[in-house]
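1. heads up, no residue letters with this:
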């Protein structure tokens, strides 16, 4: 692996199966070797990285985008409108979850993932081409909204599909570690977005950034997306799905089967995702805007603090994956919820010190707490549903919770601060989400030590 990048090579070194017997596949024609698993890890990492870099750039440049696409008569109103567009794009995600789930469970995980990355890349590239409000008036935010809806629809199939893909390829005793590649690659996409935002903020004047500089990250979507799609098309579908297809056990309507047979799992999954949905977008996407717009911290310093926290977050994710394989998914998810209930508001109090070192340490703490949930959730959700509805169950629960609470988190945080005049409001919102997730996980069974459900 000497020619691989250090981060991916390190992850794959941990994911190798040396020294452990590979559990036999149900069908000998679908036995998986270590080389195949390495390619699966690489493809999943890169593909998900590209999707979430595209999706995250919007959040990091929200302050600038608000001035480009909306009239600036009221700064907070323009920012609310920008986050409103961010939130509306999430409302299409439950629909996307049903459609991508149907494609993934009926036609294969590979086909769904190859299509989703193509749609995301095209939509993101189009954002760079939309003229601003000063040029085309109200058509600017309308076009922005339409493109964001396409992005939301595409993202609905990515996280669930990549997680199912990895879990179904993974050795039974390392499903948590394999699935942790998905949130790690998501954070890596956010990290690149944060780095680019910090670089643009420091290298350009505000005028240059507002006029054309903000468009540069969106232009990267096309070449990156083509690379990710090419890698995905070179993989075979998962052994679990191929076996299901060969035995003709695939259901014709996965969504109906899910609601008829797995309602309890769906409710538990949707509740368990709530902490992840709110925490992910408050801590990893909204935070630079919170620091600069609400606390008056410098834009460059805000992006830099988030970048440092994201880098540590990626390392914590893999440790969480390992821990969830050893101690169980339920224990990790419960621990995350309890920590957020106890520590979130004190952490937000410390952010108000406006001390750069303190802000970085608080963000690392919050990110580390989130990894206990984020690094465990993909394997937990994939194991909760059987193969025939795994993509659909994961995608619908994950996207429903994200649509209602994740995509609206930056909007709600800004709105709550405006309504209460309390800068701790985002912290209390996160505490409420943590309590709901805590209750949901209490009703779940432990899944880590069990074989994947096939039927």
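-> Arrived safely. Just so we're clear, the structure is a prediction, and the values are computed from it rather than from any experiment.
2. alpha carbons only for contacts and neighbour counts from here, please
-> Will do.
3. and the next element down the chain from the helix or strand hosting residue 119?
-> Assigned by DSSP states H and E, residue 119 belongs to helix 109-127. Next along the chain after helix 109-127, taking DSSP H and E as the criterion, comes helix 133-136.
4. mean confidence score for that following helix?
-> Averaging pLDDT along helix 133-136 gives 84.
5. which other helices and strands contact that helix?
-> helix 62-69, helix 139-169 (3 or more Cα pairs under 8 Å, 6 or more residues apart in numbering; DSSP states H and E).
6. Mind listing what's buried along the helix holding residue 119?
-> Within helix 109-127, the residues that qualify as buried are 109-127, counting by 16 or more other Cα atoms under 10 Å.
7. dump the residue contacts of residue 400.
-> 93, 94, 270 (Cα atoms under 8 Å, 6 or more residues apart in numbering).
8. Quick check: it vs residue 273, distance?
-> From residue 400 across to residue 273, the span is 9 Å (Cα to Cα, to the nearest Å).
9. Also residue 256?
-> Counting by Cα to Cα, the gap from residue 256 to residue 273 is 21 Å.
10. repeat for residue 410
-> Residue 410 sits 17 Å away from residue 273, going by Cα to Cα.
11. Same drill for those two, tell me which one is more crowded.
-> Neighbours per residue (other Cα atoms under 10 Å) separate residue 410 from residue 273, with residue 273 holding more: 32 against 29.
12. Contacts only, for that one.
-> Neighbour list for residue 273: 377, 397, 398, 401, 402, 437 [criterion: Cα under 8 Å, 6+ apart].
13. what about it, distance to residue 446?
-> According to Cα to Cα, residue 273 stands 16 Å off from residue 446.
14. Would you indicate which residues of stretch 174-190 are buried?
-> For stretch 174-190, by 16+ other Cα under 10 Å, it's 174-190.
15. Determine how far the last residue of it lies from the first.
-> Stretch 174-190 has its terminal residues 25 Å apart, counting by Cα to Cα.
16. so for it, what's the average pLDDT?
-> 90.
17. repeat for stretch 60-80
-> Mean predicted confidence for stretch 60-80 is 72.
18. Show me where the stretch 301-450 of the chain has its helices.
-> According to DSSP state H, counting those that start in this stretch, the stretch 301-450 of the chain carries its helices in the segments 329-351, 356-374, 377-384, 390-401, 409-420, 425-442.
19. out of the ones you listed, nearest to residue 282?
-> When the helices of the stretch 301-450 of the chain are compared by Cα to Cα, helix 409-420 sits nearest residue 282, at 6.3 Å.
20. what's that closest one packed up against?
-> Helix 409-420 sits against helix 75-91, helix 425-442, with contacts defined as 3+ Cα pairs under 8 Å, 6+ apart.
21. Can you give the distance from that helix to the centre of its chain?
-> Remark: helix 409-420 is offset 22 Å from the chain centroid, using Cα atoms, centre = their mean, to the nearest Å.
22. Show me which positions of that helix end up buried.
-> Buried residues in helix 409-420 (16+ other Cα under 10 Å): 409, 410, 411, 412, 413, 414, 415, 416.
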